[in-house]
Every structure is written in C-alpha cells, then in structure tokens.
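**Q** Here's my sequence, what's the structure:
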Amino acid sequence: MAACIFCKIIKGEIPCLKLFESDRTLAFLDIGPLSRGHALVIPKYHGAKLTDIPDEHLNEILPVAKKIVNATGATDYNILQNNGRIAHQVVDHIPKPNEKEGLGIGWPSQEVNMDVLKKYFEEVKSKM
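**A** Next comes the predicted model:
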C-alpha cells in the first residue's frame, strides 16, 4: 500500500486536478489523457482489484462518473475498470482469462500541456 499511487493521491502526497471528493470517493482528471475529459473515479479504500473493495466503498463510483459525463458534455464515452495485469491493469485497481481472450485495448496516452489541462479542469469542475 505504501507504494500505491492512488493512496498517495488520496493523501495529497501527489497533487491532482480534483473534480469530486467525498469521504469514500475521489475523482480527478488524468494527466496522461487518452482524450479530453479523461478522468479517474476511485474509491478511497485501498484494494488492488474490485473484489478487494467492500460494496459500501463503491456505491458512489457510477453516480460520480455520470456527473463527470454531464459536466464534460460527452455524448460517446467509455467507462472502464481493469482487474489484473493481462486485463491491462497497469496500476492496481471484464473477465480476462488469458492474453488472447477478452477485451483487447490500446492505451495511446497523449502528451499534455498542463496549463491547457488546468483550464479545462476549471471548466469541468465548475459544472460538477
């Protein structure tokens, strides 16, 4: 847990562009976005996989994701939750029995201008 990037973000040891925060949930813009509005919504309870997190720490996740969708004005979007390395879980957080079966995705993250991202963050946050 000490090396968990999400725990460090939750504790404020790593800064984030915070869109939403409650006692159980944190949502923030990704600093290596795949597209405009790419955000992460995470439970504050530490768990490597979905099954490690108690249900009561998950009940705000989709409502917060919905708020972000509405705030960004996205009409087409993905909500993704990966569990395990071969399921493209790079950071510990669709059944994927092996590398050939299940969802295959690429992750072409973009270089980001932090000033542009911060301006967009203010725009989205004001609509939350």
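
**Q** Give me the most central residue, the protein.
**A** The geometric centre of the chain, computed from its C-alpha atoms, lies nearest to L40 (CA atoms, centre = their mean), at 1.7 Å.

**Q** Who are the contact partners of it?
**A** With contact taken as CB atoms under 8 Å, 6 or more residues apart in numbering, L40 is in contact with A27, F28, D30. The C-beta positions use only the backbone N, C-alpha and C, and glycine is treated the same way.

**Q** ok, 10 Å please
**A** L40 sits next to 6, 9, 16, 19, 26-31, 65, 68, 91, 93 when contact means CB atoms under 10 Å, 6 or more residues apart in numbering.

**Q** repeat for H57
**A** D23, R24, T25, I42, P43, K44, Y45, H46, G47.

**Q** if I look at the last one, how far off is Q110?
**A** Going back to what we said before, that points to G47. Per CB to CB, to the nearest Å, G47 is found 29 Å from Q110.
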